[in-house]
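Engineer: Here's my sequence, what's the structure:
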Amino acid sequence: MSTSFKPAWWLPSAHLQTLWNALCRRPPVLERRRERLWLADGDFLDLDWHGPHAAEAPLVLILHGLTGSSSSLYVLGLQQSLAAQGWASAALNWRGCSGEPNLLPRGYHSGVSEDLAAAIEHLRRQRPLAPLYAVGYSLGGNVLLKHLGETGTACGLRAAVAVSVPFRLDHCADRIGIGFSKVYQTHFMREMLAYVRDKQKRFKLDGQAERLTTLEQLGPLDGIRTFWDFDGRITAPLHGFADAEDYYRRASSRYYLGTITIPTLLIQSIDDPFVFRHSLPEASELAANTRLELHPRGGHVGFIEGSLVRPGYYLERRIPDWLAEQASGE
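Structural biologist: Residues are numbered from 1 along each chain as shown. Take a look at the predicted model:
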């Protein structure tokens, strides 16, 4: 198994590594089955299944990043690679990310580990004989690590992988407002505000006056330009946090790393345009079974290798290999 990553020479910057998947990659075509998971509070999560139906086939829960979905190309690519080695996968859509607004005023955020716990419990009921693993990207990786640290040996998983994690949300809210990274901030703000406005329209059309009022009480959406703005005015009040600083402190995965008990692989790049170098955890903060694989280059959920004619995707090679290694050692 090779852990070496040689960045594509034709993507010489972190931003090109970051943007290639979303802007230039041809989407993998998969046959998937959608399942709706109803939550205890009356809302739902949608799961998109791919791979073998065998009851004992290893199963991987895949968690997308902010404003992504189960149709994000890095999710589709991983599902394709896992199926090639005989593994099943279920790609989770966080609340409101599967193509229709969710039913409650609340949504998803970087610390929503209760929704992840519900999904894990559901998959264990669905396929009790299948060894269960999880892979999270960016926001999804942060939620995954928080859940692992909160639950320890009761996490419900055999092993986990987290990629391009924003370990300190406050730091990342600052980092994405610097230089060219402001372009990403503008994109995220547009998508996140559209997420709220779509729910407002849905509640109005469905006559959900109380839920509509909850969103309207947040105040006008004008003037929200940064993560500090959005998380202070939208995320915090909708999800029980005092303010953005309280949310960032309670949801940042860096504070949960020491209590992780299962084998966990962290894949990061030093040049990630969303994450400061000093936001990454020190070796002393990691649990014994956690490995930090730190690359000089790779961007944010990039890690593109190969040639322009035949680009390669390191994450889709490395993650299935590492998971298979964990399975063989059990």
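
Engineer: CA only for contacts and neighbour counts going forward, please
Structural biologist: Fine.

Engineer: isn't Glu56 right up against Leu129?
Structural biologist: Yes: proximity of Glu56 to Leu129 meets the contact threshold set by CA atoms under 8 Å, at 5.1 Å.

Engineer: residue ranges with poor pLDDT in the stretch 1-150 of the chain?
Structural biologist: 1-3 (pLDDT under 70).

Engineer: Strands of that one, start to end?
Structural biologist: With DSSP state E, counting those that start in this stretch, the ranges of strands along the stretch 1-150 of the chain come out as 33-38, 44-50, 59-63, 88-93, 132-137.

Engineer: Put together a markdown table for those strands, with mean neighbour count on each row.
Structural biologist: What follows is the strands of the stretch 1-150 of the chain, written out as a markdown table (neighbours: other CA atoms under 10 Å):
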| stretch | mean neighbour count |
| --- | --- |
| strand 33-38 | 13 |
| strand 44-50 | 22 |
| strand 59-63 | 27 |
| strand 88-93 | 27 |
| strand 132-137 | 24 |
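
Engineer: Save those strands as CSV, and put in distance to Glu316 too.
Structural biologist: Formatted as CSV, those follow (distance: least, CA to CA, whole Å):
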stretch, distance to Glu316
strand 33-38, 21
strand 44-50, 15
strand 59-63, 12
strand 88-93, 13
strand 132-137, 11
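
Engineer: Of those strands, give the one that comes closest to Thr214.
Structural biologist: Set against Thr214 and scored by CA to CA, the strands of the stretch 1-150 of the chain come closest in strand 44-50, at 18.9 Å.

Engineer: what residues are up against Leu66?
Structural biologist: Ser138, Leu139, Gly140, Phe188 (CA atoms under 8 Å, 6 or more residues apart in numbering).

Engineer: So the first one is in contact with Gly299, correct?
Structural biologist: If I follow you right, that is Ser138. No: Ser138 is beyond contact range of Gly299, at 11.6 Å (criterion: CA under 8 Å).

Engineer: Looking only at neighbour counts, state which of those two leads.
Structural biologist: More crowded of Ser138 and Gly299, by other CA atoms under 10 Å: Gly299, with 26 against 23.

Engineer: one step back: what about the contacts of Leu66, which are in helices?
Structural biologist: Leu139, Gly140, Phe188 (DSSP state H).

Engineer: Mind giving me the PyMOL select for these, buried ones only?
Structural biologist: Remark: buried members of the ones in helices among the contacts of Leu66, expressed as a PyMOL selection using 16 or more other CA atoms under 10 Å:
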select buried, resi 139+140+188
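
Engineer: Please, where are all the helices along the stretch 1-150 of the chain?
Structural biologist: Using DSSP state H, counting those that start in this stretch, the helices of the stretch 1-150 of the chain run over 14-24, 73-84, 113-126, 139-151.

Engineer: among those, which is nearest Leu323?
Structural biologist: Among the helices of the stretch 1-150 of the chain, the nearest to Leu323 by CA to CA is helix 73-84 (9.5 Å).

Engineer: May I see the buried residues of the closest one?
Structural biologist: Neighbour-count burial for helix 73-84, counted by 16+ other CA under 10 Å, picks out Leu73, Tyr74, Val75, Leu76, Gly77, Leu78, Gln79, Gln80, Ser81, Leu82, Ala83.

Engineer: Out of those, which two sit at the greatest distance?
Structural biologist: Pairwise distances across those (CA to CA) peak at 15.3 Å, for the pair Leu73 and Ala83.

Engineer: The residue nearest the centre of the chain and Cys172, how far apart?
Structural biologist: For the chain, Gly140 is the residue whose C-alpha lies nearest the centre (CA atoms, centre = their mean; 2.0 Å). With distances taken as CA to CA, to the nearest Å, Gly140 is found 15 Å from Cys172.

Engineer: burial of Glu325, as a residue count?
Structural biologist: Around Glu325 there are 12 residues (other CA under 10 Å).
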